[in-house]
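Asker: 3D model of this:
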Amino acid sequence: MTNDQPPRPSRRGFLKAGGAAVAAGASLGAGLATSQAALAKAPAHSAQNADPQLAVEPFYGPHQGGIVTPQQSHTYVAALDLTTDKRDDVIALLRTWTEAAARLTQGGTAFAMPSGDGGDAGNNQPAPDSGDVLGLGPNGLTITFGFGPGLFTKDGKDRYGLASRRPAALVDLPRFNGDQLVKEKTGGDLYIQACANDAQVAFHAVRQLTRRAYGVATMRWGQAGFLSGPRGQTPRNLMGFKDGTNNPSTAKPELMNQFVWARATDDAPWMEGGTYTVVRRIRITLEHWDNTELGFQEQVFGRHKYSGAPIGSKNEFDAVDLKAEDKDGNPVIPENSHVRLSNQASNNGAQILRRSYSYNEGTNFYIERWPPWRQETEYDAGLIFIAHQSDPRTGFIPINDRLAKFDMMNQFTTPIGSAIFVVPPGAKPGSYVGAGLFEA
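Answerer: Residues are numbered from 1 along each chain as shown. Purely as a prediction, here's the structure:
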């Protein structure tokens, strides 16, 4: 077996070989055809390039990609549960993931492919990469890694000697009003977010990374998402409204430092340049929404549907005037509209960076066993809400608490999945994502 080939357990020993699989995978860095130094110096081509298939985003840097990167058209997000009790296994997995992600984001395969076809080079070994995206290009791929609360403690146990290094800001999310969370779509110890301008490229990245976790971690949940709207414009969600107009500008470093990037703290000095990410899977009752009057839809959002402008204004980015009243003295933007409740002025100046995607899982059969005894097929579709912030205790949690209690939109939406992760800063060439946590 060459160093460029993934370990292949025998049929009999398959269930026993998991730990060795990751340990062997961690040693592949020395045989990578593309060196880490070369990847670090690779030119970055913005995802706004004329040909999104050729766009390349850097992997190494002070921050991880996929946070302030111009939003790509597709994502695949996943969470895994750690099954190993060995700290070294986790480190080996993170090294392997870092090396593979560096290659994938530059348009390469997860690991070096054997030269030529057939022969002794690879026919009797699993392929190092599934090969389903060969020839598709990098497509602006970014891969972002995060750690859930379960990496630090689980069932009251300090699993890997990291409990004292858990940031105070990495809190367990409270149960919000209206939550109908499904266990299989909630939580997770490790987080992978792959974003690309091609759906298959994003899924391929997660697929290659999770296969390397055999024996160390298992998939808890995964979710594909897509973005609607011309590049460079605010995307629309499945409700037809623009989503993210009031985001703090990623072009202004001072705003990113204030609202997105975490600072080193006494309990987590390794978090300088990282962020905290909340992921929520929100199902939307599109059948109900599609039969709701346009005027009421706009009252729910507090914006005009087609222009994206606040009610009473003409342009999308006009300031939201929360003091404006109509001729009868009523607020032009309703008190329980989404835009008012989520506005910075209503939340003590707090902001979060939304980077959400729509999802469509087909349909589900629905039946009521009480009047009116409906039987019908409904869409299983909605929003993958993703929000980055410097501290969820002052960002997502108080903002969402207000929304969950008062937002008119709640009659059309149901959160069914939820997770929080600490996203460490970017890796340096020769190191790995999360090194500051494990080596501090």
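Asker: going forward, measure contacts between C-alpha atoms and count neighbours the same way
Answerer: Will do.
Asker: now do the contacts for the closest residue to Arg280 other than its chain neighbours.
Answerer: If you skip the residues right next to it in sequence, Arg280 has Ser418 as its closest partner in space, 4.4 Å away by CA to CA, 6 or more residues apart in numbering. Residues near Ser418 by CA atoms under 8 Å, 6 or more residues apart in numbering: 181, 185-187, 278-281.
Asker: make CSV from these and add secondary structure to it.
Answerer: Converted to CSV, the contacts of Ser418 look like this (DSSP: H, G, I helix; E, B strand; the rest coil):
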residue, secondary structure
Leu181, coil
Lys185, helix
Thr186, coil
Gly187, coil
Val278, strand
Val279, strand
Arg280, strand
Arg281, strand
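Asker: out of those, which is nearest to Val423?
Answerer: Set against Val423, the nearest of those by CA to CA is Val278 (10.2 Å).
Asker: dump the contacts of Ser418 to JSON lines, plus distance to Asn343.
Answerer: Shown next, in JSON lines, are these (distance: CA to CA, whole Å):
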{"residue": "Leu181", "distance to Asn343": "26"}
{"residue": "Lys185", "distance to Asn343": "28"}
{"residue": "Thr186", "distance to Asn343": "27"}
{"residue": "Gly187", "distance to Asn343": "27"}
{"residue": "Val278", "distance to Asn343": "18"}
{"residue": "Val279", "distance to Asn343": "20"}
{"residue": "Arg280", "distance to Asn343": "19"}
{"residue": "Arg281", "distance to Asn343": "22"}
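Asker: tell me which of those is nearest to Asn347?
Answerer: The shortest approach to Asn347 among these belongs to Val278, at 17.7 Å (CA to CA).
Asker: doesn't the residue nearest to Arg280 fall inside a strand?
Answerer: Yes. Applying three-state DSSP, one finds Ser418 inside a strand.
Asker: helix or strand: which one has the residue lying closest to Pro269 once chain neighbours are set aside?
Answerer: Residue nearest to Pro269 in three dimensions, not counting chain neighbours: Arg263, with 7.8 Å by CA to CA, 6+ apart. Counting by DSSP states H and E, Arg263 is held by no secondary-structure element, helix or strand.
Asker: what pLDDT does Ile367 get?
Answerer: On the pLDDT scale, Ile367 is placed at 76.
Asker: also Leu94?
Answerer: Value for Leu94, per-residue pLDDT: 98.
Asker: could you list the low-pLDDT ranges of the protein?
Answerer: Low-confidence segments of the chain, defined by pLDDT under 70, span residues 1-49, 114-122, 440.
Asker: any idea which residue sits dead centre in it?
Answerer: With distances taken as CA atoms, centre = their mean, the residue of the chain nearest its centroid is Gln193 (4.3 Å).
Asker: just the CA coordinates of the helix or strand hosting Glu298, formatted as CSV?
Answerer: Take DSSP H and E as the rule and Glu298 turns out to sit in helix 294-301. Written as CSV, here are the backbone C-alpha positions of helix 294-301 (Å, rounded to 0.1, in the frame of the first residue of the first chain):
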residue,chain,number,x,y,z
LEU,A,294,-49.4,39.8,-0.8
GLY,A,295,-50.1,42.8,1.4
PHE,A,296,-50.1,40.6,4.5
GLN,A,297,-46.9,39.0,3.4
GLU,A,298,-45.3,42.4,3.3
GLN,A,299,-46.6,43.2,6.7
VAL,A,300,-45.1,40.0,8.0
PHE,A,301,-41.7,40.9,6.7
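Asker: so what does the helix or strand just after it touch, helix or strand wise?
Answerer: Reading on from helix 294-301 to the C-terminus, the next helix or strand found by DSSP H and E is helix 338-342. Contacting helix 338-342 under the criterion 3 or more CA pairs under 8 Å, 6 or more residues apart in numbering; DSSP states H and E are the following elements: helix 294-301, helix 396-406.
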